[in-house]
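Student: how would this look folded up:
(one chain, ligands or ions: 1)
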Amino acid sequence: MSPRVVLVGPPGSGKSTVGALLARRWDVGFRDTDADIAAAAGMTIPDIFLTHGEDHFRALERDAVATALATHDGVLALGGGAVMADATRALLADHTVVFLSVELTAAVGRVGLGAGRPLLAVNPRATMKALLEQRRPLYREIADFEIATDGTTPEQVADEIARWT
Ligand code: S3P
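Tutor: The predicted model follows:
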């Protein structure tokens, strides 16, 4: 089993919105590894970061991605930082991966002041800028397609993915 498409991209790139639209259009399930991690841990993502730290979260995330890749055949969205772990990127090698890219201003506008996103809790704009620059090459390393989501609606992005995949 393999997801029909795996969506990656930074916070605010629209993975959840576009993923849900695509799943409805294809009449398949939508799964989000952040939700899987929170459900398995019985804690919110910010609480996992606060209590156990980012390294622990990345290890849970790697396991959640491995499980979802093996058991889900619909649309799968990963947390924005999943690509940070070499082991998680390696898992994605044989899957259809779409990178939803977004420029700084749109990303900050979409995530607001970082509520619910522990890495963006302090200096959201500066942190987002650093995060976009650091991660862009990692998203590109694993993606089969890249779509800029600035100035487009989630419906248009979903249309484009459906045309490509
Ligand atoms: C993270 C992004 C979040 C979530 C966690 C860490 C990141 O997912 O996995 O807060 O490192 O960018 P979203 O991309 O869905 O916000």
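
Student: what about this protein, any weak spots by pLDDT?
Tutor: Applying pLDDT under 70 to the chain flags residues 113-114.

Student: try it again with 80
Tutor: 113-115 (pLDDT under 80).

Student: what segments of it are helices?
Tutor: 15-26, 33-41, 45-52, 54-71, 86-91, 104-111, 124-142, 154-164 (DSSP state H).

Student: most neighbours per residue, which of the ones you listed?
Tutor: Greatest average neighbour count among the helices of the chain goes to helix 15-26 (a mean of 20), per mean count of other CB atoms under 10 Å. Where you see a C-beta, it was placed from the backbone N, CA and C, and this is true even at glycine.

Student: helices or strands up against that helix?
Tutor: Helices and strands touching helix 15-26, by 3 or more CB pairs under 8 Å, 6 or more residues apart in numbering; DSSP states H and E, are strand 5-8, strand 30-32, strand 75-77, helix 154-164.

Student: which residues are contacting the longest one?
Tutor: What that stands for is helix 154-164. Contacts of helix 154-164 with the rest of the structure, by CB atoms under 8 Å, 6 or more residues apart in numbering, involve 5, 14, 17-18, 21-22, 25-26, 98, 100, 145, 147, 149.

Student: pick out the most distant pair among the residues you listed.
Tutor: Pairwise distances across these peak at 19.2 Å for Trp26 and Thr149 (criterion: CB to CB).

Student: now tabulate the helices of the chain in JSON lines and tack on distance to Met1.
Tutor: Converted to JSON lines, those look like this (distance: least, CB to CB, whole Å):
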{"stretch": "helix 15-26", "distance to Met1": "15"}
{"stretch": "helix 33-41", "distance to Met1": "15"}
{"stretch": "helix 45-52", "distance to Met1": "26"}
{"stretch": "helix 54-71", "distance to Met1": "6"}
{"stretch": "helix 86-91", "distance to Met1": "14"}
{"stretch": "helix 104-111", "distance to Met1": "31"}
{"stretch": "helix 124-142", "distance to Met1": "19"}
{"stretch": "helix 154-164", "distance to Met1": "20"}
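
Student: give me every residue that touches Leu132.
Tutor: Pro10, Val102, Glu103, Leu104, Ala107.

Student: neighbours around the closest residue to the second one other than its chain neighbours, how many?
Tutor: Looking back up the chat, that one is Val102. Of all residues not flanking Val102 in the chain, Ser13 sits nearest, at 4.4 Å (CB to CB, 6 or more residues apart in numbering). For Ser13, the neighbour count with other CB atoms under 10 Å is 28.

Student: much appreciated, bye for now.
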